[in-house]
Structures are given as C-alpha cells and as structure tokens.
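Undergrad: here is my input, please return the structure:
(one chain, ligands or ions: 1)
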Amino acid sequence: MLKIPLIDAINIKMVKSKRDLLKSPRRRSFTLLRSGVRNKINVNSGADICVVVRVRPPNANEQGDNFRKIIKVVSDEMLIFDPKEENDPFFYHGVQQKGRDLLKKANKNLQFHFDRVFGFEATNAEVFEKSTKSLIDKLMDGYNCSVFAYGATGAGKTFTMIGKPDNPGITVLTMSELFKRKEELSNERDFELGITYLEVYNETVQDLLNPGSPLNLREDGKFGVIVAGVQVKRIESCEELFELLQTGNQNRTQHPTDANAESSRSHAVFQVYIKMSVKTTQQILAAKLSMIDLAGSERGAATGYSGARFTEGANINKSLLALGNCINSLADGQRHIPYRDSKLTRLLKDSLGGNCKTVMIANVSPVSLNIEDTYNTLKYATRAKKIKAKLKKNVVSCSTNIQFYIKQNEALQQENEKLKLEIEQLKSQVASTSSCTCNKMVNIEVASPLKQDEQQCEEKGDSTNLKIKEQLKALFTRRLILEEQIAAVSNSMSLFTVRKELKEFADTRLSGLCTEQSDKADGHKRLGTAMENLQRQTERLENDVEGLTKQVKEVDTEIESLNITEDSGEVYDYCQALRSEVEKAKLKSEADLYKRKSEILSGELRMHGELIQRMSAVLKPCFLQLRGYGYATNDMIKSYHDLVRHCQGFRTVCWKDEEASSADSGVGSTTTVIQSDVGENKKKTPNNKRKYAGDKDDENGLNETFVVPLSPAKQEKVLTRVTKTAPTKKLAKVQPPKLIRLTKENKDPTFKSSKTPQGKSSSHLLMNKTKSPITTAPKPLLKNRR
Ligand SMILES: Nc1ncnc2c1ncn2[C@@H]1O[C@H](COP(=O)(O)OP(=O)(O)OP(=O)(O)O)[C@@H](O)[C@H]1O
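TA: Next up, the predicted model:
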C-alpha cells in the first residue's frame, strides 16, 4: 500500500511535542489547527514565494447532488475549505434544532489565505495576469523565476500550464509576454532565447523535444544543475514555441487514471534560457524561467494499481515527497536541503527557493470526492508560502565582460591561426593529389574550347576536326592520368631513396656510438628490416613505372598516328594546348617532390641538431672529468678542441700525412687536408693559423694542398678561385700548380683516400706541386690543430 507522502512530509513538521508522535497523522494535523491557527491558516505576507490556488469547475462525474462543494472562494485572497453548510437545518422530533446533527461529521470550515485565489470562472488568461505576468519584469532584470503547478491527479495542472490550442495555458501566455517585452526592448538589448522541455518519469530524465536515452544530471559549481546531453532549442517566435510544446506533450508519458482520462504520469519541466546584452552598458544579463507541470499526487490505496502502474505511482509519490521535504526544509530555513533525494528535486534545485522568484499554483478539485487531496494540496501550498528566497541578479559585470571578450578574442585568434595552418596543409594536400584535380582541369579547360569549337564546326559543317579533337582530348586525358601516376610513383621512389640514405647514415651513427655489440646488432637488424621494406616497395614501384611508361608510349603512338602537324591549323593549336597541360602537370609534381624532399631533409637537420646537443651534454662532462683527473691524453684534448672549433664553424685543416687520422676522428666531411712540400725549409710552427683557399696574406698558403670533398663543378670553381689569388699566381710563375682529379681509378700516388664515415672513398681534388710532395716525407709548416 502506498503512503500519502505529502501529508507525511508536511505533518512531520507539525509535531509539537513527544505526545504528538503518538497520535495518528490525521490527529496531529488537527492538533496543529486547534493550537491557535484554527479556522485561519495565514500566510506570511512577507514571504518571497507567491502561492495561488486555482479551483477547477466540477467535471461531468462530479455534477449533481452526489457530491457537496468543499471549497468556497470568499475573496481574491481567501477561501474556506469544507465550509459550514448554513442552509442545512437539523430537526429533532419535528422541531428545528439550534445545534448541528451530532451524528454527522463536523465541517472543517477552514480559512486559507493565499496571494490569489481563482474560482471556477477564472480563465487561463486571468490566472496569467495575476500570477506569472509579473515574473517577466523579474526575468528582464536578470532573476531566475520558476512556476510550479501542484495538485492531485485531475485537479487541472496541465489545463493551467499548457491549456488547449483555443485556450492556451500560462506557459504560452507567459512566453508570448516575454516575446512582447523582447520586442519592446530590442533597441536597448540583444536577446538570445533557448528552451528545453524535459520530463522526469520513474526517476529518469528524458528530453521531450528530442526523445532518446535517459539523460544524466550533473552539478557544476558555476552553472548549477546541468542536464548532460540536453538540446537547447533556439526560438524566435511564440508560434514556434507552441508547436514545440505540443510536440513535447505528445512525447510525454500519459496513462488514464480514475480522475483523469489523460493523466500525465511524469513531471514536465519546461525551461527558457534568456541571455540579454544591454547595448549601452555592455552588461550581460542571464535568467532562467522554469515552468513545471508536476505529475498528479495520488493515493496508492485508492487507485488499487499493481505492476508498472504501481511503480509509476510510487515514483511520483517518492519525488513529490522529496519535493515536500525540500519545501519544509526551505520553509524552516534549514541549512541542509535534501535536494538529492530525487531526480525531480535535483533538477529543480536552483528553481526552488534560493536564488529564484517562485510562483506555486495549487490546483484543487471543488467537490467532496477529492476532499483529502484538496486538503493536502492546500496545506502543502500553505507550507510553501513560508519559503524565503534570496534573489540574486545574474549579471556579468562590464569589466568581467571585457575580460571575457579579451579571452574570447585570444581564443579566436588562436583558432584562426590553427585554421590558417590547416588551410595551408589542405592546400598542399590538394596539390599533391593533383592527379584528380588535373584530370578535372583538363576536362574543364579542354571541354570549354571544345564546346566553342563544336559550335564553330557545326556552323561550318566541318565534323572531321571535331572528331579529331575529341580523339585528342581523350588521348591526352589518358596521357595526363598516366603521367600523374608515373610522377606519383617516381616521386615515391625518389623519396624512398632519400629515406634509404638517411637510414644508412643513422646506422653509421649508431655503429659509431654503440659500445655494446648487442646494441649494434639490434640497430642493424632494425635498419635491415626497414631497408628490406623500402627495397621491396621500390622494386614494386619500378615495375609500376615500367608498365605505365609502356602505356604512355602506346598513347604517344596513337597521337602520332593522328598525323597532326603545324599545317593542321587549329587542331595543331588544340593539340599543343593539351600537351602543355600535361607538361604543366609534370612540372607541378616535380615541384611537389622537391618540396617533400626539403621537408624530409629539414626534419633530419632538426633531428641532427638535437642529437648534437644531446651528445654535447654527455661529452662535455666526460671530457671535463677526464681532464680534471688527469686522464685525458693530449690526443684526446686535441680532438676535443678540434671538435669545439669545428662547431664554431672553422674547417679543420690537417696535414696530408695526418689525413687518415683526421678522417678517423669523424670530422672528415669538412676537413681540408693541407699538404705541404715546400716544407723542407719550413718549420711546423704551432701558432700558425690555418690557411684556406681564400687566404691571401700568407705565403704559407701557397704550398698547401687542399683536398676538398666537393662536387666536381664546385671543385672546379674553387680551384679557379684558388689559382687566381695573388700568392697562387706568384707561385704559378715559378711552378704552376697541377690540378689532378683524384679518383680510385687514376691511382695517383699522391691520392689519399679521405674516408667518409661509411668508409666509402670520395673523389678529391688535389692541388700540389709538380714534384710529388708525397714521395718526400712531408714536413708540415703549420701546426693547425691545437
Ligand atoms: N479550470 C478549468 N476549466 C475547465 N476545465 C478544466 C479546468 N481545469 C481542468 N479542467 C479539465 O479537467 C480535466 C483534468 O485536467 P488536467 O488534465 O489539467 O489535470 P491534471 O492535474 O493535469 O491531471 P494529471 O496530474 O493526472 O495529469 C481536463 O479534462 C481539463 O480540461
């Protein structure tokens, strides 16, 4: 059996003494009434919550003499519950008695005062005028407002809140007033309105405008209660709103009850979010209006339901009990309000008491059939009257506003930069997928002249040209596609080659660094697998290129077979235009390749930079420690200083006979090897500076032999420059230098292989005197390494 939750909730607060606890709830409430407030349950006129009561007219079942009226509306603010029946004379032995019939239950004849009492005849429009219309002012000032419709099932809550299309309820009327006000203030403020329409059914929250899976409630320190995943719909007009409300109501859970054939079995929560920017002050005002049509309270025992209906009723009562408890706690000014007891109270946390202007509409039935429900509702409403609210304007101050905009601006700028970058990336992607683009381009660019030609040809009645052009177009389109494919494949191959080289370098680096054989082996293995993959892919691509090139040849043969020469006139021009399109596409893919290569290489360069930094971080402390403890050999110190100078940008210069060791030291790539032979009479002077090809001021430089690992073209250039320098010319008079291109093949005895880190010899250019300096033991004049 279900309890009557609201009575319990209210009565718990009515316990005055221990003895009261022994009494039944029914007697307890009478105790309260007797103790001073009998016949006048007054409301605290200073209370913040506005409570109005609406008495609905009796329905068809309640008409007639079966039920007596239990509500008498005395004035706009007062009603009498279960009034005394004055015209009900009591006769005893045929004589009219002054007292009442003691066998009949006494009428309660209780006065209830509210902010407003509406009788049968009151329309929705009147209810709106006297209850929720004033909320619009509050909303415009940035205060949250909420409206509750409370009452037993069939008491007229939905009729009051939603109404019918020909008799709209207070939700629609309030909203249309809001729109009216918005229009009036449009010169001063910018408005944004969004609505949500939710239902709480069986302790789950559903979006009525976008039905789906149940939604979760979250609490946010800043924004209060948040319904995760709810869709806020923007609305611009009242008509739009009415449609949305109707849609929502159709999705609402309804089941017939004894009292109402269309009873809503869920709590419907309609919320409007209003954001207003005051144009002059830049203030932002935010407010929320919540309009709640609660599910009808019911007495489980009376309904006699079981199964799903029973659970449904139990949940409705549970949430209404929780709401009653919250109202009691708020009315008593307690600090802890048990909002978390149900989904309904959690959802309405910021709409009930606290920072909110609240209107409660208590709907009651006027006849004795529902006397208990009506009495409970009136007591509930009386209790709610005591809730105090602490209204707080939701204003975003001007300065905060500026900060907000500054932040927003920064965020937007960042986003802008990001988007710019993305656009650039997309552009390059589009360029790299030029195959399709170019394809389209040909089709477009070629199609348009072809169309013009078509017309011209038709005019001239010359269909042969048109036919050839069509053939040409088809062939060149095919060729273009093939060229694109070849370019894509060749580009990939070319990139693979670069990658392979980089991998080889990486392996050499690793070998040079690894101290453990196992590490080396691991590195080699990894590299081996990567290289195998690259090799396989390259081979596959090579096959592809072969096939594609064959196809290109076939296309070319077909084009040639058309025999188009300069004499072919416009057909020739057309053919040339198509050819240049193909060439353009080829050039573009070449450019793409260079771009891609440079990207890879700059990545590698960055990585090298990092690597060097990390190596220095390891090497320097090691060296300092060794030197500090006196373990560093002279060679070590020399090598370290060479390295430092190398890093400073100096090229290392070594004597020819020292070249091998220099190469071994791993700095061979920029080593300039100097071979001196005039040297018999020249002493190695430690303080001599290094000499380079460009040095003009020291004759010592004349006798030097440079071994420069440069490309042949660059070598020639360097040598030309060297031979033209003044001292060199001087020497040339005496003994002109002989240029020898050194390769392994020419087996020149003076050739000394400068080994690359991979151990490969590279071609070097040697400049020395005709007398072979190597045959005599070279005596370096310069001490060029410290
Ligand atoms: N003020 C009124 N004037 C005329 N008819 C009314 C009035 N109030 C309610 N009714 C009628 O009473 C019936 C029940 O009303 P309504 O559906 O609004 O009840 P309810 O409180 O929402 O019930 P439930 O909680 O079960 O959904 C409806 O047919 C409605 O048209």
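
Undergrad: CA atoms for contacts and neighbours, from now on please.
TA: Will do.

Undergrad: now do the contacts for residue 352.
TA: 146, 358 (Cα atoms under 8 Å, 6 or more residues apart in numbering).

Undergrad: could you measure it against the ligand, distance?
TA: 20 Å (Cα to the nearest ligand atom, to the nearest Å).

Undergrad: please apply the same query to residue 111.
TA: 21 Å.

Undergrad: tell me which element that residue falls in.
TA: strand 110-113 (DSSP states H and E).

Undergrad: and residue 113, what's its pLDDT?
TA: On pLDDT, residue 113 comes in at 91.

Undergrad: just the helices in the stretch 51-200 of the chain please.
TA: 124-130, 133-140, 157-161, 170-184 (DSSP state H, counting those that start in this stretch).

Undergrad: hmm, the third one touching the ligand?
TA: Yes. Against the ligand, helix 157-161 shows contacts by Cα under 6 Å from any ligand atom at 157, 158, 159.

Undergrad: the stretch 151-300 of the chain: strands as residue ranges?
TA: 163-164, 167-168, 189-201, 204-207, 216-220, 224-228, 233-234, 267-278, 284-293 (DSSP state E, counting those that start in this stretch).

Undergrad: same question but for the stretch 351-500 of the chain, I mixed them up
TA: According to DSSP E, counting those that start in this stretch, the strands that the stretch 351-500 of the chain contains are 357-364, 395-396.

Undergrad: any chance of the residues of helix 157-161 next to the ligand in JSON lines, with neighbour count, pLDDT and distance to residue 316 too?
TA: Shown next, in JSON lines, are the residues of helix 157-161 next to the ligand (neighbours: other Cα atoms under 10 Å; pLDDT from 0 to 100; distance: Cα to Cα, whole Å):
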{"residue": "157", "neighbour count": "28", "pLDDT": "91", "distance to residue 316": "15"}
{"residue": "158", "neighbour count": "26", "pLDDT": "89", "distance to residue 316": "16"}
{"residue": "159", "neighbour count": "19", "pLDDT": "91", "distance to residue 316": "19"}
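
Undergrad: next helix or strand past the helix or strand containing residue 507?
TA: Element membership for residue 507 (DSSP H and E) is helix 463-513. As assigned by DSSP H and E, the chain's next helix or strand after helix 463-513 is helix 517-561.

Undergrad: helices and strands around the next helix or strand after that next one, which ones?
TA: Following helix 517-561 in sequence order, the next helix or strand is helix 570-628 (DSSP H and E). If you count contacts as 3 or more Cα pairs under 8 Å, 6 or more residues apart in numbering; DSSP states H and E, helix 570-628 packs onto helix 398-432, helix 434-460, helix 463-513.

Undergrad: try 10 Å
TA: helix 398-432, helix 434-460, helix 463-513, helix 634-648 (3 or more Cα pairs under 10 Å, 6 or more residues apart in numbering; DSSP states H and E).

Undergrad: returning to what we had before: looking at the strands of the stretch 151-300 of the chain, which is buried most?
TA: strand 284-293 (a mean of 24; mean count of other Cα atoms under 10 Å).

Undergrad: ok, which residues in the chain are in contact with the ligand?
TA: 56-57, 153-159, 260, 263-264, 295-296.

Undergrad: these two touch, right, residue 485 and residue 551?
TA: No. Checked against Cα atoms under 10 Å, the pair residue 485 and residue 551 is beyond contact range at 11.2 Å.

Undergrad: find the residues that touch each one of the two.
TA: Contact criterion Cα atoms under 10 Å, 6 or more residues apart in numbering; residues shared by residue 485 and residue 551: 479, 545.

Undergrad: for residue 252, give me phi and psi.
TA: As for residue 252, its main-chain torsions (degrees, to the nearest 10) stand at phi -70, psi 150.

Undergrad: relative to the ligand, how far out is it?
TA: Going from residue 252 to the ligand by Cα to the nearest ligand atom gives 10 Å.

Undergrad: quick one on the thing from earlier: worst average pLDDT in the strands of the stretch 351-500 of the chain?
TA: Minimum mean pLDDT among the strands of the stretch 351-500 of the chain: strand 395-396, a mean of 59.

Undergrad: now tabulate the strands of the stretch 151-300 of the chain in a markdown table and tack on mean pLDDT.
TA: As requested, the strands of the stretch 151-300 of the chain are arranged in a markdown table below (pLDDT from 0 to 100):
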| stretch | mean pLDDT |
| --- | --- |
| strand 163-164 | 83 |
| strand 167-168 | 86 |
| strand 189-201 | 89 |
| strand 204-207 | 89 |
| strand 216-220 | 80 |
| strand 224-228 | 81 |
| strand 233-234 | 87 |
| strand 267-278 | 89 |
| strand 284-293 | 88 |
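
Undergrad: go through those strands and name the closest to residue 114.
TA: Closest approach to residue 114 among those is made by strand 284-293 (19.8 Å; Cα to Cα).

Undergrad: so who does residue 54 touch?
TA: Per Cα under 10 Å, 6+ apart, neighbours of residue 54: 73, 116-123, 127, 149, 151, 155-157, 160, 361-366.

Undergrad: related to what we said a few turns ago, mind putting the strands of the stretch 151-300 of the chain into JSON lines with distance to residue 338?
TA: Formatted as JSON lines, the strands of the stretch 151-300 of the chain follow (distance: least, Cα to Cα, whole Å):
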{"stretch": "strand 163-164", "distance to residue 338": "32"}
{"stretch": "strand 167-168", "distance to residue 338": "35"}
{"stretch": "strand 189-201", "distance to residue 338": "18"}
{"stretch": "strand 204-207", "distance to residue 338": "18"}
{"stretch": "strand 216-220", "distance to residue 338": "15"}
{"stretch": "strand 224-228", "distance to residue 338": "15"}
{"stretch": "strand 233-234", "distance to residue 338": "31"}
{"stretch": "strand 267-278", "distance to residue 338": "19"}
{"stretch": "strand 284-293", "distance to residue 338": "19"}
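
Undergrad: restricting to C-alpha, output stretch 157-164 in CSV.
TA: Taking C-alpha atoms only, stretch 157-164 is exported to CSV below (Å, rounded to 0.1, in the frame of the first residue of the first chain):
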residue,chain,number,x,y,z
LYS,A,157,-2.5,21.4,-13.6
THR,A,158,-2.0,20.6,-17.3
PHE,A,159,-5.0,22.7,-18.1
THR,A,160,-3.5,25.6,-16.3
MET,A,161,0.1,25.2,-17.6
ILE,A,162,-0.4,24.1,-21.2
GLY,A,163,-4.1,24.6,-21.9
LYS,A,164,-5.6,23.9,-25.3
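
Undergrad: and the contacts of it?
TA: Here stretch 157-164 has contacts from 54, 56, 123-125, 127-128, 147-151, 156, 167-174, 242, 245-246, 249, 262-264, 268, 291-296, 361-364, using Cα under 10 Å, 6+ apart.

Undergrad: just the buried ones from those residues, in PyMOL syntax?
TA: Command for PyMOL, covering only those of the contacts of stretch 157-164 found buried under the criterion 16 or more other Cα atoms under 10 Å:
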select buried, resi 54+56+123+124+125+127+128+147+148+149+150+151+156+168+169+170+171+172+173+174+242+245+249+263+264+268+291+292+293+294+295+296+361+362+363+364
